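Colleague: Pasting the sequence and the predicted model now:
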Amino acid sequence: MSKPKVATDWMAGCAGCHMSLLDIDERILELLDLIDLRASPITDLKEADESGVVVGVLEGGINNTANEHQAKLMRSRCKILVALGDCAVFGGVPAMRNFFTLEESLRRAYIETESTVDGFIPTDPELAVPTLVRAVSEVVPVDIHVPGCPPNADVIFHVLSELAQGRIPEVKDENLHWH
Amino acid sequence: MKSVRSMVLVSSDPISMERGSDLVYEKLQKEIDFFELGEEISLTKVGDVGRHDALPIVIIYPEATIYGPVKPEDVHFLVEEHLYKGRVAHELQAAAKELTGKIAWVNARKGTLPAEQRIVLQRAGIIDPENIEEYIIHDGYQALGRVLSDMSPKDVINEIKASGLRGRGGAGFPTGLKWGFVAGTPGTKKYVICNADESEPGTFKDRLILEGDPHSVIEAMAIAAYSVGSDEGIIYIRGEYLLAQERLKKAIQQAHEYGMLGKNIFGTDFCFDIHVHAGAGAYICGEETALIESIEGKRGEPRPRPPYPTTNGLWGKPTLVNNVETLANVPAIIRNGAKWYRSFGTPSSPGTKVYTILGNVNVTGLIEVPMGITLREVIAIYAKGMKNNVSFKVAQTGGSSGSIIPASLQDTPMDFDSFSNAGVSLGSGALLICDENTCVVDLAKVLQNFFRKESCSKCNPCRIGNERAYQILENISQGTGTMADLDDLATISDNMTEMSNCGLGQTAGTPVRDILNHFRAEVEAHVRLKVCPSGVCPMSGKRI
Amino acid sequence: MYQLKIDEKEIEVPEGTTVLNAAKMAGIEIPTLCDHPALEPYGGCRLCLVEVEGARILQPSCTLPVSNNMVVKTNTEKVKDARKFVLSMIFSERNHFCPYCQVSGSDCELQNAAYGEDMTHWPIQPNWQSYPMDASHPYFVLEHNRCILCRRCVRACAELVGNFTLGMEERGANTMLVADLGVPLGSSSCISCGVCVQICPTGALIDRWSAYRGQEVDIESTKSICVGCSIGCGIEVFHRDNNLIKIHGDWDAEINGGVLCDVGRFIPMDEKRYRVVTPMVRKDGLLKAATWEEALNVVIDKFNPLMNKKDDGVAAIASTRLPADVLYYFKQIFAEKFGSEMVTSTEEGRFTSVLTELAEEYGTYESKLADIHNADTIMTIGLDLTKDHQVAGFFIKRLIPEGVQVVPVSYEASGMDAFTSHSTIINRFKDLNFIQAVEESLAGNDFSVSAAKSGLTVEEVIELKELLRNAENLVIVYGTEFDPKHKKETINALIRLAKTLNAKLISPKGNANSLVAEQLRLNKPIEVNGHQAAFVAIGDEEPAQSLIQKLEGIPFLAVQASYQSALTARADVVFPVATWLEQSGYYVTCDGQVQLSNESLQAPVDVKSNKEVVLAIADRLKMIVNPVWDKAIKLETCVVEIERSIGRNEELNYE
């Protein structure tokens, strides 16, 4: 049997979850024996294979129209979608801006920050349009939620190795953390 | 009471008063004096007369002619024509309401009010609520006299049990049984509370009973107190009911003066006193345990049960809490017997029910009809049909305990058991009748909005469930709902019922459940097609 | 006893037990949020719902009393779904994002409950509504965004403290926790006891000092007692790497049952004084760091010639916050070895010596503090329990809603006035007249003169007399803030009155070891004129201005102190000693219960415990000291019975 293809991507997050993935250290070799890691911020391929992958992993919340597109693309190309980390699962830190209006957040970020001189809010039509920050599951159906900020390397290893061996991982007890 | 030739009644419910019924009354007095008719004509202010389309109303007996709306400047002509010359002043008559149907007319009222069976409201609109003598003349305090002289507390409870009277606050709990529980709880101090915190949307029957016939409630409370062994009664009345409060206080004072309240009533050992406690406008304080908390000076939040108020009520003492309408039935039952009472209504729900009719119908107002009448009859007979002949779509039976009733159930007899078998509820006695131009999502949203604001917030399913259900409904009406939202709605409404602490939360899911059960297609049209079939919802596409 | 079956387990429990507690007895855990063992069951959160056979809907186990042959199921799918629903509702209400919450990781009962249900995500996303944050209080922060409206704080404020500061405003989704009628906490009637912070299940009430300094599982804790006053509240001291993180009331403590006041909870965190970290000796007019050896030698050399000088030798003053054994050693060294007649405490017997005099006359006449809990009427006189010994004040205040009549007698408006309608304000120093007026009216004599002198009307006295006379369990809590000229007479009158009314008398006295100092008769007024040297064991107490003034003319002053102060500044030798948290020792509460205070923190390197210092002095004087302090304090007449309540089965440790 060929190794299951796995693709990962990150949206509105801090990349911490991918860093945590790298924290599995030498076990990554073990993992690579089991899976075929395709598109990923680590491998530098941009998109999951058009022909589809078995497991899609998304880090980060959905912050704008581009993220929305990313999430839908990943969903359409993977069999099992994993939401990795608090941002993907709950909205996380980026979602804190939902408690303010978009205008307030943009003004704070681009104009009012203490280090900014003559700031302005970018309006280039090329830019994605910011939306309410949402958990991945609010935009596309998610099969496995792996919360944590970031999820512990052991948890990530557990989830990926279970999936690689054709089992749906259970995230509970020691492996369940929201922080 | 001196014998008079004619009786003139002036409606003086709050709306009439707002529209100048006091001026009409004063003018009538002047004109009667002017024509020197003072000796032969009695002039009385009465509470709500049951018709709201032509206030203020003047009714003249024995002809039972209804005039309205009467303005002070009409009075001279009215007195001259009707009372002096003896002719009906047709120009001033309120629109006649011809009635057909299976329910017999009450003779004295022919041509005036819809054919009803009045037990609770038998005196409302006929006697002066501020005069105890009129109450006494109309058989008032007879029942209390009989109870104190001829009946043991047990006899009274048995009589109430035999009558099959069920609580009219919404839940329909057998009244006699409740009295028995309180009577059976040992204790030297017990309380009788009349729940007059009527705050179900669209319901105002209790107000009209209290405004029109306050003594009936006082008499009933005294009877209840005698039966359960209490010496202190409290009427917990909605703070906004200022007129009813004023009349109650007056009535209590008069009852004291006549020895119907106070020490050694009717020369017996029985002592009973009543005070009036005004609520501060929280809907939840109509729930009996929240009401008790409120009387104790705490935040009105329902208590866990058990223990029930019948054993641990006000200040931890056994407490009987009854609704105004329930109590108002009691004197008539004692006077006429349980068998008589059972001759009205249905076997499992004997007696009558007072309804307030509202909505898209020709005539709105208050009716008292036997249990078991159908919605179709109410609309056709009492409400005089739908306004502008738009067809009937749904009715809401009032407040948290009410249901949204589709047209398909309009032939179900309105009594506790038939309704509960049909999966709907009789509610608090409001009949909000809606026509085809009503959107059920909008209707449910309005009701949910009420519950989300009135939840006491003690328990999570109710506080958050109502809020979330409202938001989902709002999204659906904005055209941004999803099919997953409908599942969430169903989950929330089921769980609120299953998990909430009190009646509010347990029934707050009803509107959503009802629209999903009876009008799923219409709701789905909002979600799938982004269309409101009735054209009510804004469909702005803005998700909240 | 009722038989019932919970999850197929047969169990027998007493009538009146709740299903929740019955399950606990059967070893079955039911998750809860709004419930707390110290509070009355509330039934708000609905997390503890269970299936009861025959019941129409799920039942809250925290409020449901068991009935005979009840069959309860706590782990069905329906129950689990219900729990998940409740949790998902709560998570959808406000801001419950964990990553940056102070309690996330173990201290959050909400998060723990979600883990317990294996929740990996929220089925319904939050509302995105933001709520204000109240940071107006000096010790803690109220973060409404984290609040789940469980009302534990509100109930604790009412049921445990009786202060009724916290409440709820509005209804439905607009419900908010408020202080008083919606004022910022910092300007509310809050008395900073912090019980609400301790009882909050989430991060809604967090104290400024401990926030983000570690979860309870990551940090160490030591159970001990508070030595802030003589009540002797049980505490739990949380510390990390020898840093004080926070102090909680010990829920299991018999005396306070978890309640603490600001003195025990927050003030130790707010310590702004500078430590003395090394022994110091005055050289050329300046205090200079020295070795212990050097400092002890200077003191011994100075003191040795002063042996057996009654009133012109060494005056010795000890703090009543020091452990009992230290006080006993102190007395042995200075009273017995040196023969000094000026061996006393910083308290000078202010709160206790009169009581002893009266006890010599009447025998032990005071009752236990716990009698307050069973009182139906309580009178307080000669003290203000809203200022000192506050926890005793809480015991009283929280009884008021249950119908207990409380009569605070004072010279001016006090913190109690808001809670009782029986506040009695009398003329300053006219307590004796007041007591006489009550006595005379009880005896049916003319009391108008006494009443007038005390500043009360005849009617007021009659009303009060009736109230006291009709009491079945009257407790009089008294202090000694009376007219100094008539102190003894006043308390004597109070004892007579208590006898007439069959009332119990309780006095909270002074500092933590006020009673021990009294029993060792370290109770003389400080008089140092003529003495050639003074030794002050001030420990971690802040020296009073009056003490410093009295010691101004002393030629040689040795001080053992934890903190720098005006006293150490003018000392000739300073010994650095441990604070109460850094040493263990015995304390005897105001009602005579012996308790052990445990060492929670390590003292800095060159700092010794108070005991080590006094023993070092004894050693250098070649004294053999007797460690059996408890026998010593029982030798003398005591106003209250001394018993060993905590660690009853353990022998006292004299090491």
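Modeller: That came through, no problem.
Colleague: Tell me what C:Ala289 is bridged to.
Modeller: C:Met280 (DSSP bridges).
Colleague: gap between it and chain B?
Modeller: To chain B, C:Ala289 is 61 Å away according to Cβ to the nearest Cβ, to the nearest Å. No exception for glycine: its C-beta is placed from N, CA and C like everyone else's.
Colleague: C:Lys611 too?
Modeller: For C:Lys611, the distance to chain B - Cβ to the nearest Cβ - is 52 Å.
Colleague: May I ask which helix or strand encompasses the closest residue to that residue other than its chain neighbours?
Modeller: Nearest non-adjacent residue to C:Lys611, counting by Cβ to Cβ, 6 or more residues apart in numbering or on different chains: C:Val326, 5.1 Å away. Taking DSSP states H and E as the criterion, the element that holds C:Val326 is helix C:324-331.
Colleague: What is that helix packed up against?
Modeller: Contact partners of helix C:324-331 among helices and strands, from 3 or more Cβ pairs under 8 Å, 6 or more residues apart in numbering or on different chains; DSSP states H and E: strand C:314-318, strand C:343-345, helix C:514-519, strand C:585-588, helix C:610-620, helix C:629-635.
Colleague: With mean neighbour count and mean pLDDT as extra columns, can I get these in a markdown table?
Modeller: Formatted as a markdown table, the helices and strands packed on helix C:324-331 follow (neighbours: other Cβ atoms under 10 Å in any protein chain shown; pLDDT from 0 to 100):
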| stretch | mean neighbour count | mean pLDDT |
| --- | --- | --- |
| strand C:314-318 | 28 | 96 |
| strand C:343-345 | 27 | 96 |
| helix C:514-519 | 29 | 96 |
| strand C:585-588 | 26 | 94 |
| helix C:610-620 | 21 | 95 |
| helix C:629-635 | 17 | 91 |
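Colleague: could I get these as TSV with distance to A:Phe90?
Modeller: Converted to TSV, these look like this (distance: least, Cβ to Cβ, whole Å):
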stretch	distance to A:Phe90
strand C:314-318	58
strand C:343-345	59
helix C:514-519	54
strand C:585-588	49
helix C:610-620	53
helix C:629-635	58
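Colleague: Now for residue 56, how many residues are close by?
Modeller: Picking chain A for this. 29 (other Cβ atoms under 10 Å in any protein chain shown).
Colleague: wait, I meant chain B there
Modeller: Neighbour number of B:Pro56 under other Cβ under 10 Å is 26.
Colleague: With the one 5 residues further on instead?
Modeller: B:Tyr61 has 16 neighbouring residues, counting by other Cβ under 10 Å.
Colleague: how about it, what does it touch?
Modeller: B:Ser6, B:Met7, B:Val8, B:Leu9, B:Ala108 (Cβ atoms under 8 Å, 6 or more residues apart in numbering or on different chains).
Colleague: Chain C: which of those is nearest?
Modeller: If you rank those by distance to chain C using Cβ to the nearest Cβ, B:Leu9 comes first, at 40.3 Å.
Colleague: any idea which residue sits dead centre in chain A?
Modeller: A:Glu59 (1.0 Å; Cα atoms, centre = their mean).
Colleague: So which bits of chain C are right by chain A?
Modeller: Proximity of chain C to chain A (Cβ under 8 Å from any Cβ of the partner chain) is limited to residues C:95, C:97-101, C:104-105, C:111, C:114-115, C:118, C:120-122, C:125-126, C:128-130.
Colleague: Of those residues, select the buried ones using a PyMOL command.
Modeller: For the buried members of the residues of chain C next to chain A, the matching PyMOL selection, counting by 16 or more other Cβ atoms under 10 Å in any protein chain shown, is:
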select buried, chain C and resi 95+97+98+99+101+104+105+111+114+115+120+121+122+125+126+128
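Colleague: Return the subset of the residues of chain C next to chain A lying in strands.
Modeller: Within the residues of chain C next to chain A, no residue falls in strands by DSSP state E.
Colleague: Which residue, neighbours along the chain excluded, lies closest to the residue in chain B that chain A sits nearest to?
Modeller: Relative to chain A, the nearest point of chain B is B:Arg543 (8.2 Å; Cβ to the nearest Cβ). Of all residues not flanking B:Arg543 in the chain, B:Thr480 sits nearest, at 4.0 Å (Cβ to Cβ, 6+ apart).
Colleague: before we move on, what SS does B:Tyr355 have?
Modeller: Counting by DSSP: H, G, I helix; E, B strand; the rest coil, the backbone at B:Tyr355 sits in strand.
Colleague: what about the closest residue in space to B:Pro302 that isn't next to it in sequence, neighbour count?
Modeller: Spatial nearest neighbour of B:Pro302, chain neighbours left out: B:Cys502 (3.7 Å); criterion: Cβ to Cβ, 6+ apart. Neighbourhood size, B:Cys502 [other Cβ under 10 Å]: 24.
Colleague: ok, back up a step: looking at the contacts of B:Tyr61, spot the one nearest C:Asn473.
Modeller: In terms of Cβ to Cβ, no member of the contacts of B:Tyr61 lies closer to C:Asn473 than B:Leu9, at 61.1 Å.
Colleague: Quick one: list the elements packing against the helix or strand containing the closest one.
Modeller: For B:Leu9, the element it lies in under DSSP H and E is strand B:6-11. Applying 3+ Cβ pairs under 8 Å, 6+ apart, we find strand B:6-11 packed against helix B:21-34, strand B:41-46, strand B:58-61.
Colleague: now could you export just the CA positions of that strand as PDB?
Modeller: What follows is strand B:6-11, C-alpha atoms only, in PDB (Å, rounded to 0.1, in the frame of the first residue of the first chain):
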ATOM      1  CA  SER B   6     -82.500  52.100  35.200                       C
ATOM      2  CA  MET B   7     -78.900  51.200  35.800                       C
ATOM      3  CA  VAL B   8     -76.200  53.100  33.900                       C
ATOM      4  CA  LEU B   9     -72.700  51.600  33.700                       C
ATOM      5  CA  VAL B  10     -69.700  53.500  32.600                       C
ATOM      6  CA  SER B  11     -66.700  51.400  31.600                       C
END
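Colleague: next structured bit after that strand?
Modeller: Next in sequence after strand B:6-11, counting helices and strands by DSSP H and E, comes helix B:14-18.
Colleague: Can I get that next one in PDB, CA atoms only?
Modeller: Taking Å, rounded to 0.1, in the frame of the first residue of the first chain, the C-alpha atoms of helix B:14-18 are listed here in PDB:
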ATOM      1  CA  PRO B  14     -57.500  52.100  31.900                       C
ATOM      2  CA  ILE B  15     -58.200  52.600  28.200                       C
ATOM      3  CA  SER B  16     -61.600  54.100  28.900                       C
ATOM      4  CA  MET B  17     -60.200  56.300  31.600                       C
ATOM      5  CA  GLU B  18     -57.500  57.400  29.200                       C
END
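Colleague: mind listing the helices for the stretch 201-350 of chain C?
Modeller: C:262-265, C:292-303, C:324-331 (DSSP state H, counting those that start in this stretch).
Colleague: Out of these, which is the most enclosed?
Modeller: helix C:324-331 (a mean of 27; mean count of other Cβ atoms under 10 Å in any protein chain shown).
Colleague: got the CA coordinates for it in PDB?
Modeller: What follows is helix C:324-331, C-alpha atoms only, in PDB (Å, rounded to 0.1, in the frame of the first residue of the first chain):
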ATOM      1  CA  ALA C 324       4.200  30.600  71.600                       C
ATOM      2  CA  ASP C 325       7.500  28.800  72.300                       C
ATOM      3  CA  VAL C 326       9.500  31.800  71.400                       C
ATOM      4  CA  LEU C 327       7.500  33.900  73.800                       C
ATOM      5  CA  TYR C 328       8.100  31.300  76.500                       C
ATOM      6  CA  TYR C 329      11.900  31.200  75.900                       C
ATOM      7  CA  PHE C 330      11.900  35.000  75.800                       C
ATOM      8  CA  LYS C 331      10.200  35.100  79.200                       C
END
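Colleague: between it and helix C:610-620, what angle do the directions make?
Modeller: If you take axes from the mean of the first three to the mean of the last three Cα atoms, to 10 degrees, helix C:324-331 sits at 30 degrees to helix C:610-620.
Colleague: quick one: contacts of helix C:324-331?
Modeller: Contacting residues not belonging to helix C:324-331 are listed as C:316, C:318, C:320, C:322, C:343, C:345, C:513, C:516-517, C:520, C:522, C:537, C:585-588, C:594, C:610-611, C:614-615, C:618, C:625-627, C:629-630, C:632-633, C:654 [Cβ under 8 Å, 6+ apart].
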